[in-house]
Every structure is written in C-alpha cells, then in structure tokens.
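1. just coords:
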C-alpha cells in the first residue's frame, strides 16, 4: 500500500495530524495498534490548557508561557513553548466550535476553566472529569466523516529509511502475525510515550509501550531527555486508576494518616509526588480528601471519579478520603525533533509524547498534554503535507531491512519467551531502581539487569509475537532511560537523585541518548 502521508498512532496528536493533512488534500492513512480509542489521550480526564481568561482572573498567553517555562525547570525550549501557548487557544476553540467537544460552559456561554497545578490561574478547559473521552470521540467522528483510512490492529516494527529519507514502515499484522509494508512519502509518528513500561505502577493503557520511540532509536535517532518520567501524585492505591488533578482543582486536599495536610496540592507534580513519597517512607498512608467539596460539585464535575472509586474500592468520595499512591503517568523525553516536529530523517516527523521538541523540559504542567498534542499534531500534519508535495516520487524501499523484519518475526514465532512475566519484571525494575527517587548505584545495577534480560529471553512459557516485540522495545527504551538518568548527575524536575540532590548549572541542557 502507498500513501502520501502515513500517521502512526491515534491519540490526539495523531488524529489532529491526520485531519490537518486530509483537509489539505493529501492521501492519508492512520495506523493504530488496537482501536482509535485505546490510548492515553482517551484516559486524560482532567482538562486541556489554553489561556482564554474566561474566568477573568488576569490570565494571558504570556502567563501561560512563563508558567510552562518555569515548570520546565530551565530546560524547556522557549520557541516551542511560545508556539504552543500562542496556538493553544485557537485549537481549544476549534475543538469546541468545529468538532463539537462538549466542554463545560459558563452562564455567558464561554468555556469554563478550572485551576491545575503549577499556576495561580484558572486555565484548564474541561468536560466534567471526562475531557479526554469527549475529545477523542469527537475527533474519531471527524476521521470517519472525512473518509480517512484507519488501519487497526497493526503494530509498527521499524522505519524504512533509504539514503537518509523515509520510505515507509514495516508492521506486524496482529491478526495474521505476518509482515506488512506500507510505503509513504512522509511519516508522522504519534505513538505516545513509554510510562506504560512501569507495569504495575502506571496509569497508562496496556498498549503504551513506547513502540514509536524504540523504532526511532533503532533507526539511529537520538532520544532526548529520556530520564524525565512524570509520576502523577494521585493514583488510586492498589490500582492503575488515575485520580485527575481536577479533584484537587475543585478543592481536594492531600492528608496523611494522621489527618494532617503536608503539601500545597496545586504545586507542580514532581514536587507533590516527592512530598507524598516522603510521607510513605515515614510509614504513613496518604489520602485525597474531597469531603469538604459540596456534593453538587462532586455529582456534576467529578461524577465519573465518584462512580469509579465506588466500584473499585467501595468508597463514597463525598464521605471518605481516598487512599492514593503516585504512579508513572507521562514521559517528557522522546525522539529529538526541532520545533516543527522534523527529525534527522528526511520526511519523518514525531508529534505528541513520542517526540520531544523541548516544550515540557524537565516537568510537564498538568493540563498541557492534550493541548500540546493537538497543537503539534496540527503542525506535523501541515509540515508533512508541505514535504510530501515536494516529492516527485516515493523513495525506494530498502529490501534488506524488510528481509530482516521477516526474519525477526519468523525467529520470534519459533522462540518461546514469557513476555508477560518479563514485562512485570521490567516494571518492578524500573519502579524500584529508575523510579521517583534514584541514585547512581541503583541505575548501574538496572543497566546490568537490563543487559542480562536482553541476552536471556528464552523460557518454557510463551507469549504472542506482539507481546514479545513490545518486551524487546521496552528493554531498549528502559536502557535509554537508565543511561540518561545516570548521565544527569543532578536533580531537576521529575528527575531526582539522592546522590546529587541539588540542581547543577553544568546540566542546564538536554541529554541525548542513542541505542548503542
């Protein structure tokens, strides 16, 4: 199959890129590992940031820029931040007016906004506590209305590159376990991040295994700032359920088992998370207390949270505090791009959580992820169209790489690997040695263990080819995370090292990691 533009991934960045490219006249397909709804964009419940100042508290685009730069702790790229913050209001209004996302509104008809961490302004637009599902359903409808080809149940394997130019991508057809090749003049990778590798300690969907990032690393691209993993402060204890920052934005308080408040709930996520960890290390439990929030607010703005916690824990959040623990949630690192999503491979673009143009720096502000994905997804779509229109013909497919991928699938089909068990071991390793609080000794031990895992995959039990590939991708990415974390001998944003607890001006820049 051949397309002008191939989009891999169906989160908000992928969908916005596909819609933009289609409307500019390109022949386009969007490829997804499962269904278009099985992604972290769908799971993002709390809201989407844009400086609209609808609450008349003095917010502005410049305030949004400065908050985002401050949240990035010195290494956010100002050009990327300015483009993002300047375009976010237009994108959010487009989602509401054109795509009919049912955001909450004020009596005057303007979009309602709530506070999120890292700012004193009410900047986060929301659809109750189900913002991600509302956006993704609306965009999925737009994909269908535009007649965009949606290829489901295909796992991206490798980028096909010839003489420094993108030629296409190889995929595993998950239904037949056969190799499929799709040729394209331009490729946009929007496969999301890799926080799902912290299996057992993550809010991410099962499919968030960083496949696009691993694919880029294997193609020789650099991972940028791979060490920065954002742990969300409020995961529901004993589950992977995320309690949105919306709950704290509406007045929820963090208390310990003695009933005492111990942190500003709306500080940046890295700060709040470490404060919670300190309480847990002292043998205390931590709770999110919503009992002072009026029940009518809970029943309108937090209704999905109320239902979910009741079903999972039997707790009525209007009457009892909720036990919480931090969970891996978002990855600031990804494949290095420029401000406009270009990579070092001609015709290849990365957008959303899979790529890194420096917009988040060392720590992402809550509410920025959906608007960032939408803004840079549109930019990637536009730039890919411009690039593909200049190409007179398709780049020749590198048959050697295609044969390698055929051999890989054949080998995996004939090799027993208990990928399910090893994924859990990988999650334990990452959480315990490359987690919220790190040190050099543990990072070195993690790298040794990862090397052993990669060289000893065979077992008596077996898993699907897809799970085996996800495991291989996960080990490669985990190695890049640990290497970057070992290289950054300081603490900054979401990266905290006990052996280097202070920020160091010598590390006021990005880390770059290659697979080998």
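-> Perfect, thanks for sending it. Values in this document were obtained by computation on a predicted structure and should not be read as measured data. Numbers count the residues shown, from 1 in each chain.

2. low-confidence stretches in this protein?
-> Along the chain, the model assigns pLDDT under 70 to no residue.

3. domain map for it?
-> Under the assignment automatic domain parsing, the domains of the chain span 232-329, 399-513.

4. can you redo those as a markdown table, where the extra columns are mean neighbour count?
-> Heads up, the C-betas are built off the backbone N, CA and C, glycines and all. Listed next are the domains of the chain as a markdown table, based on neighbours: other Cβ atoms under 10 Å:
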| stretch | mean neighbour count |
| --- | --- |
| domain 232-329 | 19 |
| domain 399-513 | 18 |
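
5. for residue 201, find the nearest of these.
-> domain 399-513 (4.3 Å; Cβ to Cβ).

6. grab the nearest non-local neighbour of residue 126.
-> residue 47 (3.7 Å; Cβ to Cβ, 6 or more residues apart in numbering).

7. where along the stretch 1-150 of the chain do the helices fall?
-> 12-23, 40-43, 61-71, 78-97, 131-145 (DSSP state H, counting those that start in this stretch).

8. how about the first one: buried residues?
-> Buried positions in helix 12-23, judged by neighbour count with 16 or more other Cβ atoms under 10 Å: 12, 13, 14, 15, 16, 17, 18, 19, 20, 21, 22.

9. give me every residue that touches the fifth one.
-> Taking Cβ atoms under 8 Å, 6 or more residues apart in numbering as the contact definition, residue 16 lies against 91, 139, 373, 374, 377, 378, 381.

10. kindly report the same for the third one.
-> Applying Cβ under 8 Å, 6+ apart to residue 14 gives the contacts 7, 8, 30, 32, 188, 190, 191, 351, 352, 377.

11. wait, isn't the second one in contact with residue 169?
-> To tie it back to what came earlier, the one meant is residue 8. Yes - here residue 8 lies in contact with residue 169, judged by Cβ atoms under 8 Å, at a distance of 6.6 Å.

12. who touches both of these two?
-> 31, 156, 187.

13. most surrounded residue in those residues?
-> residue 187 (29 neighbours; other Cβ atoms under 10 Å).

14. that residue reaches residue 8, doesn't it?
-> Yes - between residue 187 and residue 8 there is a contact at 6.9 Å, judged by Cβ under 8 Å.

15. show me the helices in the stretch 351-500 of the chain, by range?
-> 368-390, 399-413, 419-433, 440-455, 465-487.

16. between those, which gets nearest to residue 200?
-> Here helix 419-433 is closest among those (Cβ to Cβ), at 4.7 Å.

17. angle of the closest one against helix 399-413?
-> Relative orientation of helix 419-433 versus helix 399-413 (axes from the mean of the first three to the mean of the last three Cα atoms, to 10 degrees): 100 degrees.

18. mind naming the longest strand for the chain?
-> Counting residues, the longest strand found in the chain (DSSP state E) is strand 178-189.

19. what lines up beside that strand in the sheet?
-> Strand pairing for strand 178-189, using DSSP bridges, gives strand 2-8 (parallel), strand 165-173 (antiparallel), strand 348-350 (parallel).

20. which one of those strands is the most hemmed in?
-> A comparison of the strands paired with strand 178-189 by mean neighbour count, using mean count of other Cβ atoms under 10 Å, puts strand 348-350 on top with a mean of 29.

21. need the residues that contact that one.
-> Contacts of strand 348-350 (Cβ under 8 Å, 6+ apart): 17, 159, 161, 166, 186-190, 212, 216, 334-335, 337, 341-343, 355-356, 380, 383-384.

22. and it, how far from the chain's centre?
-> Here strand 348-350 is found 16 Å from its chain centre; the criterion is Cα atoms, centre = their mean, to the nearest Å.

23. one more: stretch 9-29?
-> 18 Å.

24. start to end distance for that stretch?
-> Stretch 9-29 has an end-to-end distance of 10 Å (criterion: Cα to Cα, to the nearest Å).

25. what about the residue nearest to residue 100 when sequence neighbours are not counted, distance to residue 505?
-> Excluding its sequence neighbours, the residue lying closest to residue 100 (Cβ to Cβ, 6+ apart) is residue 138, at 5.8 Å. According to Cβ to Cβ, to the nearest Å, residue 138 and residue 505 sit 45 Å apart.

26. same thing with residue 165?
-> Residue 165 is 39 Å from residue 505, by Cβ to Cβ.

27. same thing with residue 139?
-> 42 Å.

28. could you do residue 464 as well?
-> Relative to residue 505, and taking Cβ to Cβ, residue 464 is found at 48 Å.

29. and for residue 194?
-> When residue 194 is compared with residue 505 (using Cβ to Cβ), they lie 29 Å apart.

30. isn't residue 179 right up against residue 169?
-> No - using Cβ under 8 Å, residue 179 is not in contact with residue 169; the gap is 11.1 Å.

31. any shared contact partners between the two?
-> Joint contacts of residue 179 and residue 169 (Cβ under 8 Å, 6+ apart) are residue 157.

32. so what's residue 384 up against?
-> Per Cβ under 8 Å, 6+ apart, neighbours of residue 384: 5, 17, 21, 26, 186, 187, 188, 347, 349.

33. list the beta-bridge partners for the first one.
-> With DSSP bridges applied, residue 5 shows beta-bridge pairing to residue 28, residue 186.

34. got a list of what it touches?
-> Residue 5 touches 21, 26-28, 184-188, 381, 384-385, 388, counting by Cβ under 8 Å, 6+ apart.

35. 6 Å - rerun?
-> 21, 26, 28, 186, 384, 388 (Cβ atoms under 6 Å, 6 or more residues apart in numbering).

36. before we move on, the earlier item: and the residue nearest to residue 126, how far is that from residue 128?
-> Relative to residue 128, and taking Cβ to Cβ, residue 47 is found at 10 Å.

37. so those two - more neighbours on which side?
-> residue 47 (31 against 19).

38. the more buried one touches residue 124, doesn't it?
-> Yes - using Cβ atoms under 6 Å, residue 47 is in contact with residue 124, at 3.6 Å.

39. name the residues contacting each of the two.
-> Shared contacts of residue 47 and residue 124, counting by Cβ under 6 Å, 6+ apart, come down to residue 367.

40. the contacts of residue 384: which two are farthest apart?
-> Longest span within the contacts of residue 384, Cβ to Cβ: 17 and 347, 14.1 Å.
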